[in-house]
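S.K.: Sharing a model that was predicted from the sequence below.
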Amino acid sequence: MAMAGRSKAYCYMQRAVKCSSSFPTSRHNACPGHPTFTEAIILPLQNDSRIQGPQLPKVDGSIDVTCTTSSSLGFTVARGSLSQFAGAQLHGTISFEHAKLCRIALVRFYANVSTTNGKELDCSAEIRVLHETFMNHVQGKNSVPLALMRRILEECNSTGEVELAFQTLQKYRIHRSSKGRVKHNFNENISALAVSASLKSKTYELGLKALWKHNVYGLSPNIQTAHMFLSHARQERNMGLMKKTFETMLKNLIIPTTQTAEIMIRICKDNKDINFMFTLADEFLQNEVKLGSSVFDILIATAANFGDVEKVFKAQKWREDAGFDHTTASAFAIAKAHILQGEPQIGVDVIAKNCKDKVKVNKYLMMLVQSWPVQLLAKKEDVKQEGQDHMLKENVLLFANALSKQFRGVSINAEIEYGKGGEAKGGKQC
């Protein structure tokens, strides 16, 4: 099961991450007689038979790099950009003796703790007091109550306060791990509080570091904190934040779920980016991320409202492959595609076969007659240019009258109601 997840992660990584040609250089060479880091990284590590070890994934790099001589095993040779896309590509794990034999510098990662304090940043008096209390615990080499760290994160409201809180997390992590104290990451509640603070102040770049697999703050990356970013992106209708969050997830082996897919598809729908929405859906399906019935409804309905018949039937094929039956929304979307193709009777047959609830049928028929033509003409310029609006009206009226005859109790004066609804209320798509 673990292997299957790893394969999926690698597949995502290969699609989402491109190697950078700019490599950082080390400022030190503490290995007399050994190559510098600059020299070490240009070695053809992947094809070098002297280096043994598995291909390892990218790791995140809010870190500095220095060469070191140590007899410890398990140091790593790195090649890649540590700063540009937050990760170094590790090509093999070797021992000190092996490296010495091959004259290859070893690379060890360490973190530089910032000494910035609350006075240098734009922080409230309350945050400064909490930070001073924290520093008194650290300098006195006493245990720091976790509740104090929670309080600092909860009180953050500005960019400066969030920056100080993350620096405090970094110091707290080192303090906990010193002298045999706790060495594992903070629990998920602290990670959620850190992300929540960064979202509240819109300090996105700093908050996204909580998703890094290897970060200096001791935060535990997980799908829940990733969903916090995506939900915020949907609330703000921020496509850029959504893409950045997804990219960070893939680089750090956080596997997307059905919920991830739904949030991202809804963001694309809210931003009316139908092409990217279908690209995402295709990627999710190719990588075995299951889509829910509601997601297929969104795909089919959005394509129909944009007048893209090809995408309507493409989404319907995905739905059938997933084994989902029609809902009223999807059935009416398919009917719209047939109306656009000049086949209103086939649309009526689809509704009759898959919809039994007369109340819902009446509701969706009303939206189709009143609002859909207006939405379509606003989005699909070629309908206006080619003078097809008259043909559209004719097919909609034929569909409405035929459906009214098919269902007892479903009736609408299509001639009068046609195009009277404008855009559906609340931006809802019919």
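M.R.: Cool, the structure landed.
S.K.: contacts and neighbour counts: CA atoms only from here.
M.R.: Noted.
S.K.: Just the buried residues of stretch 366-378, please?
M.R.: Within stretch 366-378, the residues scored as buried using 16 or more other C-alpha atoms under 10 Å are 366-377.
S.K.: That stretch: end-to-end distance?
M.R.: 19 Å (C-alpha to C-alpha, to the nearest Å).
S.K.: Same check on stretch 216-232?
M.R.: Stretch 216-232 end-to-end distance (C-alpha to C-alpha) = 24 Å.
S.K.: where do the helices sit along the stretch 151-300 of the chain?
M.R.: 159-177, 188-201, 204-207, 223-236, 239-251, 258-270, 274-286, 293-305 (DSSP state H, counting those that start in this stretch).
S.K.: before we move on, the earlier item: make JSON lines out of the buried residues of stretch 366-378 and add distance to residue 419, secondary structure and pLDDT.
M.R.: Listed next are those as JSON lines, based on distance: C-alpha to C-alpha, whole Å; DSSP: H, G, I helix; E, B strand; the rest coil; pLDDT from 0 to 100:
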{"residue": "366", "distance to residue 419": "10", "secondary structure": "helix", "pLDDT": "90"}
{"residue": "367", "distance to residue 419": "9", "secondary structure": "helix", "pLDDT": "90"}
{"residue": "368", "distance to residue 419": "9", "secondary structure": "helix", "pLDDT": "91"}
{"residue": "369", "distance to residue 419": "6", "secondary structure": "helix", "pLDDT": "89"}
{"residue": "370", "distance to residue 419": "4", "secondary structure": "helix", "pLDDT": "89"}
{"residue": "371", "distance to residue 419": "6", "secondary structure": "coil", "pLDDT": "88"}
{"residue": "372", "distance to residue 419": "8", "secondary structure": "helix", "pLDDT": "90"}
{"residue": "373", "distance to residue 419": "6", "secondary structure": "helix", "pLDDT": "88"}
{"residue": "374", "distance to residue 419": "6", "secondary structure": "helix", "pLDDT": "86"}
{"residue": "375", "distance to residue 419": "9", "secondary structure": "helix", "pLDDT": "84"}
{"residue": "376", "distance to residue 419": "11", "secondary structure": "helix", "pLDDT": "85"}
{"residue": "377", "distance to residue 419": "10", "secondary structure": "helix", "pLDDT": "81"}
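S.K.: In TSV, list those along with distance to residue 248.
M.R.: Formatted as TSV, the buried residues of stretch 366-378 follow (distance: C-alpha to C-alpha, whole Å):
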residue	distance to residue 248
366	43
367	40
368	40
369	44
370	43
371	39
372	38
373	40
374	39
375	36
376	36
377	38
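S.K.: Mean neighbour count and distance to residue 418 for the helices of the stretch 151-300 of the chain - can I get that in a markdown table?
M.R.: Below are those laid out as a markdown table (neighbours: other C-alpha atoms under 10 Å; distance: least, C-alpha to C-alpha, whole Å):
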| stretch | mean neighbour count | distance to residue 418 |
| --- | --- | --- |
| helix 159-177 | 22 | 51 |
| helix 188-201 | 21 | 44 |
| helix 204-207 | 18 | 46 |
| helix 223-236 | 18 | 33 |
| helix 239-251 | 20 | 34 |
| helix 258-270 | 20 | 25 |
| helix 274-286 | 16 | 26 |
| helix 293-305 | 23 | 16 |
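S.K.: got the ones you listed as a markdown table, with distance to residue 414 and mean pLDDT columns?
M.R.: Converted to a markdown table, the helices of the stretch 151-300 of the chain look like this (distance: least, C-alpha to C-alpha, whole Å; pLDDT from 0 to 100):
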| stretch | distance to residue 414 | mean pLDDT |
| --- | --- | --- |
| helix 159-177 | 55 | 90 |
| helix 188-201 | 48 | 93 |
| helix 204-207 | 50 | 94 |
| helix 223-236 | 36 | 96 |
| helix 239-251 | 38 | 95 |
| helix 258-270 | 28 | 96 |
| helix 274-286 | 29 | 95 |
| helix 293-305 | 19 | 94 |
